[in-house]
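**Q** just to be clear, the model below is a prediction. Sequence and coordinates:
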Amino acid sequence: MMKFSIVIPSYNSANYTEKLIKSILNQTYTNYEIIFVDDISTDDSVKIAKKLLKKPHKVIELKSKRLSGGARNVGICEATGDYIVCIDSDDWLKDDYVLEDIANKLNGEDIMFLGYEMYGADNSSIVLDIHNKEEALKCGFGANWLKVVKRELYINHLLPEGTLFEDRFNHLELCIYANTFTSLGRATHIWNRTNENCTTLSNKWCWYRFEYCGELYKLIQRVHDADIRDMLINELHMYINSCVEMVNEL
């Protein structure tokens with residue numbers, strides 16, 4: 001029976017921690033572990049998580065600040081499942097059948113793409129329909145929580161740490177080195193846009209694009225496939241231009 005490791009990087013999301021964890025504990029599919037990794041929160045996130053999560057689940061408290069990429073890496077390295085599912089600490093699963101539907105459709109692929117419904121803002125939704133490497137690399141939405149990934153693939157391609165722009169880079173690296181892809185074909189996550197402390201709503205997040213350009217440049221040096229290199233170089237040009245625009249606005 002396929003096992004999932006649910007990795008939750010957490011920072012000051014106490015207002016949503018119980019809702020998130022219960023959305024997992026209520027799943028009809030039961031062969032999973034939850035790995036809750038707290039990045040030095042100052043609220044009650046850890047207290048709530050420890051109350052709800054007992055063995056085999058884990059609550060890990062980091063001793064030094066590692067941001068979301070580092071917290072995810074700790075969870076990935078602690079995972080024992082066949083596949084890893086990421087969930088941000090202020091989001092939650094859409095219904096009780098998410099893991100069951102994923103397990104029923106997965107057939108050994110390296111990556112399965114998911115979908116989301118937005119909570120708050122314009123309440124929009126998206127379902128990623130991706131079945132090959134080219135489509136995966138062209139996908140403009142690289143969030144870690146929109147993918148189910150084989151644990152071995154994640155272990156070999158961990159996220160950049162010390163940045164808030166880690167998921168887009170990791171998306172590209174995972175898709176470059178994955179061989180097989182599939183999509184679930186429905187929304188699985190509720191993307192919460194009502195949290196004022198959300199990373200992607202912060203101006204600070206935008207400035208991490210500079211670091212992303214540096215990581216992307218190093219990735220290009222490691223890629224030998226000409227078509228993929230060209231795609232990555234175009235991406236680098238786009239983000240460099242974005243950085244220039246930000247500097248010009250100073």
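**A** Sure, I can see it.
**Q** now for this structure, the helix or strand with the poorest mean pLDDT.
**A** Ranked by mean pLDDT, DSSP states H and E, the weakest helix or strand in the chain is helix 203-207, scoring a mean of 69.
**Q** contacts for the longest helix belonging to the chain?
**A** Secondary structure assigned by DSSP state H gives helix 226-248 as the longest helix of the chain. If you take C-beta atoms under 8 Å, 6 or more residues apart in numbering as the criterion, helix 226-248 is touched by 137-138, 172, 176, 206-207, 209-210, 212-213, 216-217, 219-220, 223. Quick note: C-beta positions are derived from backbone N, CA and C, even for glycine.
**Q** please apply the same query to stretch 131-140.
**A** Taking C-beta under 8 Å, 6+ apart as the rule, stretch 131-140 contacts 111, 113, 128, 130, 171-172, 175-176, 178-179, 181-183, 228, 231.
**Q** sec struct for N104, please.
**A** Put simply, N104 is helix when judged by DSSP: H, G, I helix; E, B strand; the rest coil.
**Q** what count of nearby residues applies to it?
**A** 12 (other C-beta atoms under 10 Å).
**Q** dump the residue contacts of it.
**A** No contacts exist for N104 under C-beta under 8 Å, 6+ apart.
**Q** distance check, it against Y116.
**A** 20 Å (C-beta to C-beta, to the nearest Å).
**Q** nearest spatial neighbour of the residue positioned nearest the centre of the chain, chain-adjacent residues omitted?
**A** Closest to where the C-alpha atoms of the chain average out (C-alpha atoms, centre = their mean) is N144, at 1.9 Å. Excluding the flanking residues, the one nearest N144 by C-beta to C-beta, 6 or more residues apart in numbering is C86, at 4.2 Å.
**Q** contacts only, for the one you found.
**A** With C-beta under 8 Å, 6+ apart, C86 has these contacts: 6-9, 72, 144-145, 147.
**Q** all helices for the chain, in order.
**A** 14-25, 45-52, 67-78, 98-105, 133-138, 151-156, 166-177, 203-207, 209-222, 226-248.
**Q** which one of those lies nearest to D91?
**A** Of all the helices of the chain, helix 14-25 sits nearest to D91, with 6.6 Å by C-beta to C-beta.
**Q** residues contacting the closest one, please?
**A** With C-beta under 8 Å, 6+ apart, helix 14-25 has contacts from 6, 8, 10, 13, 32, 34, 36, 41, 43-45, 47-49, 52-53, 87, 89-93, 192, 195.
**Q** of those residues, select the buried ones using a ChimeraX command.
**A** Listed next is the ChimeraX selection for buried residues among the contacts of helix 14-25, using 16 or more other C-beta atoms under 10 Å:
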select :6,8,10,13,32,34,36,41,45,48,49,52,53,87,89,90,91,92,93,192,195
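**Q** of the contacts of helix 14-25, which belong to strands?
**A** Counted as lying in strands by DSSP state E, out of the contacts of helix 14-25, are 6, 8, 10, 32, 34, 36, 92-93, 192.
**Q** neighbours of Y239, just the number please.
**A** 17.
**Q** got a pLDDT number for it?
**A** At Y239 the predicted local confidence, pLDDT, stands at 89.
**Q** how much space between K94 and A136?
**A** The value you get for K94 to A136, if C-beta to C-beta is used, is 22 Å.
**Q** the two: who's more crowded?
**A** Ranked by neighbour count (other C-beta under 10 Å), K94 and A136 place A136 first, with 23 against 19.
**Q** let me see the contact set for the closest residue to the more buried one other than its chain neighbours.
**A** The shortest distance from A136 to any non-neighbouring residue, by C-beta to C-beta, 6+ apart, is to C175 (4.0 Å). Going by C-beta under 8 Å, 6+ apart, C175 touches 111, 133, 136-137, 139, 181.
**Q** and Y119, by the same measure?
**A** 190-194.
**Q** repeat that for D129.
**A** Contacts of D129 by C-beta under 8 Å, 6+ apart are 113, 183, 185.
**Q** between the residues you listed, which is closest to R151?
**A** F113 (17.2 Å).
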